[in-house]
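Novice: model this:
(2 chains)
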2 protein chains.
Amino acid sequence: MKLSTTRSLNNMSTLRELYIEELQDLYDAENQILEALPKMADKASHPDLQRAFKEHLEQTRGHVQRLEKIFEGLEEKPSGKKCHGMQGLIEEGEELMKKNLDDDVLDAGLIAAAQKVEHYEMAGYGTVRTFARQLGEEDAANLLQETLNEEGRTDEKLTRLAENNINKEAAR
Amino acid sequence: MKLSTTRSLNNMSTLRELYIEELQDLYDAENQILEALPKMADKASHPDLQRAFKEHLEQTRGHVQRLEKIFEGLEEKPSGKKCHGMQGLIEEGEELMKKNLDDDVLDAGLIAAAQKVEHYEMAGYGTVRTFARQLGEEDAANLLQETLNEEGRTDEKLTRLAENNINKEAAR
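Specialist: From the prediction side, this is the model:
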């Protein structure tokens, strides 16, 4: 391990350490989402969109529990990293919600913001699922794949809402 | 348009305005990527990953030109919005690059960072493509779909690099 001498400074010189750091990033991201989703559900007008946000809030609680289970197995702490990526995405959503928009336009914007959040998570969970497999952590890989599938389905649901209902009303 | 009286304060009360704002967000995001990619290519060790970043840099120049063409057609300015989402993602990549990591681990981390960037763009381009269709802007929708396809292929290429080569070396 050629970086062993600088290990205390960098504390991340193996794939396992990168895996843990990415998991901590997702854990912080999920917790930021837990705070943001109720506000988004509150601002949404279309009942299907409100429902989608509330359902995803429930799912997100499950994603946090899965991550906690993985951290237990690894004997590592889940907290300790701030996810700047998610912070930026949530700031964008908050900027949008501050504007006095027509309900339908705000709904279209909320879907756009939520899909960026979903895609962040899809990229993140895809990464840690691949890392888990390469590290031989099969149980963790399966749990992460379950979350990845749920994030993907939420993204598809949001696309359907955008295409079928909400934006058509906004475009009128 | 019920918000017409507050239009000057909010300047975004129609889907067209939201569409332009999302395009401006992507324009700023692409320009941030143009700055970040050469640094990422420089830090990457695996020749396939270096090549992937350099190829994507070329593609990104094309994406910027497509956006400029769309703005010309809309008679709107491309600049004016700061993309906080991309800023956060790029900060994450920069934090990673500051650490003295083993080459293979850094490559795995660079792929993870790049896939978050790709997914941000996939979400953003999916949104504006849908908006363009709903606004009857078919030429723009087609250009945006082309970029969306290229972002998706880049993401798949990065997944293959992660699964087939690079991370296996990092996990050794």
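Novice: how much space separates A:L15 from B:A108?
Specialist: A:L15 sits 6 Å away from B:A108, going by C-beta to C-beta, to the nearest Å. Glycine gets a C-beta too; all of them are placed from N, C-alpha and C.
Novice: of those two, which one has the most company?
Specialist: Taking neighbours as other C-beta atoms under 10 Å in any protein chain shown, A:L15 and B:A108 compare with B:A108 leading, 30 against 22.
Novice: give the burial count for whichever residue of chain A sits closest to chain B, as a bare number.
Specialist: The nearest approach of chain A to chain B comes at A:G88, 2.7 Å away (C-beta to the nearest C-beta). A:G88 is flanked by 22 other residues according to other C-beta under 10 Å.
Novice: now swap in the one 5 residues further on and tell me
Specialist: Other residues within reach of A:G93, judged by other C-beta under 10 Å, total 22.
Novice: now the host helix or strand of it - C-alpha only, PDB.
Specialist: Element membership of A:G93 [criterion: DSSP states H and E] is helix A:84-98. The C-alpha trace of helix A:84-98 is given here as PDB (Å, rounded to 0.1, in the frame of the first residue of the first chain):
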ATOM      1  CA  HIS A  84     -22.200  18.900  -1.300                       C
ATOM      2  CA  GLY A  85     -23.800  17.500  -4.500                       C
ATOM      3  CA  MET A  86     -27.200  17.000  -2.800                       C
ATOM      4  CA  GLN A  87     -26.900  20.300  -1.000                       C
ATOM      5  CA  GLY A  88     -26.600  22.100  -4.400                       C
ATOM      6  CA  LEU A  89     -29.500  20.200  -5.900                       C
ATOM      7  CA  ILE A  90     -31.700  21.000  -2.900                       C
ATOM      8  CA  GLU A  91     -30.700  24.700  -3.000                       C
ATOM      9  CA  GLU A  92     -31.900  24.700  -6.600                       C
ATOM     10  CA  GLY A  93     -35.200  23.300  -5.500                       C
ATOM     11  CA  GLU A  94     -35.500  25.900  -2.700                       C
ATOM     12  CA  GLU A  95     -34.800  28.700  -5.100                       C
ATOM     13  CA  LEU A  96     -37.600  27.500  -7.300                       C
ATOM     14  CA  MET A  97     -40.100  27.200  -4.400                       C
ATOM     15  CA  LYS A  98     -39.300  30.800  -3.300                       C
END
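Novice: which secondary structure elements does that helix contact?
Specialist: On a contact count with 3 or more C-beta pairs under 8 Å, 6 or more residues apart in numbering or on different chains; DSSP states H and E, helix A:84-98 meets helix A:15-43, helix A:103-134, helix B:84-98.
Novice: A:L101 in helix, strand or coil?
Specialist: Secondary structure state of A:L101, per DSSP: H, G, I helix; E, B strand; the rest coil, is coil.
Novice: pretty sure it sits against A:G109.
Specialist: Yes: in this structure, A:L101 is within contact of A:G109 by C-beta atoms under 8 Å, at 6.8 Å.
Novice: mind listing the shared neighbours of these two?
Specialist: B:L18 (C-beta atoms under 8 Å, 6 or more residues apart in numbering or on different chains).
Novice: now the most centrally placed residue in chain A. Nearest residue, chain neighbours left out?
Specialist: The centroid of chain A falls nearest to A:E121 when counting by C-alpha atoms, centre = their mean (3.7 Å). With sequence-adjacent residues excluded and distances taken as C-beta to C-beta, 6 or more residues apart in numbering or on different chains, A:E121 is closest to A:E151, at 4.7 Å.
Novice: for the one you found, report the pLDDT, please.
Specialist: Looking at A:E151, its pLDDT reads 96.
Novice: now it: which helix or strand?
Specialist: Using DSSP H and E, A:E151 sits within helix A:138-161.
Novice: contacts for that helix?
Specialist: With C-beta under 8 Å, 6+ apart as the test, helix A:138-161 has contacts from A:46, A:48-49, A:52, A:56, A:59, A:62-63, A:66, A:69-70, A:73-74, A:111, A:114-115, A:118-119, A:121-122, A:125-126, A:128-129, A:132-133, B:123, B:126, B:130.
Novice: just the buried members of those?
Specialist: Among those, the ones that count as buried by 16 or more other C-beta atoms under 10 Å in any protein chain shown are A:46, A:49, A:52, A:56, A:63, A:66, A:70, A:74, A:111, A:114-115, A:118-119, A:121-122, A:125-126, A:128-129, A:132-133, B:123, B:126, B:130.
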